[in-house]
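> the following comprises the amino acid sequence and a computationally predicted model.
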Amino acid sequence: MNIKEGSFSDLLLKESFFLLIKPEDDIYSNTSIRNSFFEELGSLVKLGLKNIEISWSNNEKWLDFVYEIKLKFPRINLGSASIVNKQSIEDSLKIGLNFSMMKFWDKDLFNYSKSKNYLLIPGIKNLKDLEEAINLNCNIIKIYPIKSKASSIDILNFESIDFIAAGGLSINDVKTYKSLGYKAIVIGDKGIIKKKFDPKIYEWLKKNN
């Protein structure tokens with residue numbers, strides 16, 4: 001069962017960030033690296049990590065890997081990222097993920113996902129695409145890349161939309177973006193330091209849960 005928009009919005013009231021994981025090939029082939037990853041992720045989940053998304057890859061091993069995460073951590077709000085085509089939607093549905101996030105705005109892909117009754121959150125960086133998404137009743141929108149969004153986008157003008165900030169952000173950015181009106185942020189590359197999760201994420205979870 002995937003989460004519907006309303007439930008997802010409720011969840012955003014309680015959660016402040018999504019941890020984006022971009023699997024490298026060695027995690028599929030090296031048991032030691034894989035086990036170490038699951039051990040670390042388990043520690044974060046125990047501390048209260050709720051939202052994880054995995055970058056989609058056109059790779060059969062990706063399906064097995066993400067399904068294993070789902071089995072090991074059934075209470076996690078698990079989704080996929082970097083959605084670019086119908087296959088990435090179908091793969092996400094096959095595993096039974098809760099949501100997916102697009103890198104950029106793709107109206108046809110959004111409508112395809114909607115026809116499957118599946119929550120696909122678009123990536124938007126200009127006002128034209130934002131207005132098109134809103135006209136299609138999209139209520140949860142990721143502004144990406146946040147650092148180069150069009151100056152014409154003022155999220156405070158769209159009170160009924162839940163906005164998520166993404167692109168080059170770290171756990172240190174949660175407070176800033178929440179104060180600007182964003183419901184949550186996505187932490188990607190800056191969430192991993194030397195192939196380990198950023199120690200500050202552990203600290204933040206300890207302090208905030």
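Yep, that arrived.

> and stretch 135-147, what's its mean pLDDT?
Averaging pLDDT along stretch 135-147 yields 95.

> just give me the residue right at the centre of the chain.
Centre of the chain computed as the mean C-alpha position; nearest residue by CA atoms, centre = their mean is residue 53, 4.5 Å away.

> please identify the pairing partners of the longest strand anywhere in the chain and their relative orientation?
For the chain, the strand with the greatest residue count under DSSP state E is strand 77-83. Strand pairing for strand 77-83, determined by DSSP bridges: strand 51-55 (parallel), strand 99-102 (parallel).

> deepest-packed of these, please.
Mean neighbour count (mean count of other CB atoms under 10 Å) peaks for strand 99-102 among the strands paired with strand 77-83, with a mean of 25. For every residue, glycine as well, the C-beta is placed using N, CA and C.

> what element comes up after that strand heading to the C-terminus?
Using DSSP states H and E, the helix or strand that follows strand 99-102 in sequence is helix 107-115.

> the inter-axis angle of that next one versus strand 77-83?
150 degrees (axes from the mean of the first three to the mean of the last three CA atoms, to 10 degrees).

> for the next helix-or-strand element following helix 107-115, packing partners?
For helix 107-115, the following helix or strand on the C-terminal side (DSSP H and E) is strand 120-121. Here strand 120-121 touches strand 99-102, helix 107-115, strand 140-143, going by 3 or more CB pairs under 8 Å, 6 or more residues apart in numbering; DSSP states H and E.

> list the contacts of strand 120-121.
Strand 120-121 has contacts (CB atoms under 8 Å, 6 or more residues apart in numbering) with 83, 89, 99-102, 109-110, 113-114, 140-142, 164.

> can you put the helices and strands packed on strand 120-121 in a markdown table and add distance to residue 75?
Below are those laid out as a markdown table (distance: least, CB to CB, whole Å):
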| stretch | distance to residue 75 |
| --- | --- |
| strand 99-102 | 15 |
| helix 107-115 | 24 |
| strand 140-143 | 21 |
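
> of the ones you listed, which stretch is the most buried?
Of the helices and strands packed on strand 120-121, strand 99-102 is the most buried (mean count of other CB under 10 Å), at a mean of 25.

> mean confidence (pLDDT) on it, please.
In this model, strand 99-102 has an average pLDDT of 96.

> what's the answer for stretch 116-131, then?
Here the average pLDDT along stretch 116-131 is 95.

> would you map the helices across this protein?
Taking DSSP state H, the helices of the chain run over residues 5-14, 25-29, 31-46, 60-72, 86-95, 107-115, 127-135, 174-179, 199-208.

> in the last one, what's buried?
Buried residues in helix 199-208, counting neighbours by 16 or more other CB atoms under 10 Å, are found at 201, 202, 204, 205.

> next one: the longest one
Taking 16+ other CB under 10 Å as the basis for neighbour counts, the residues of helix 31-46 that come out buried are 34, 37, 41, 44, 45.
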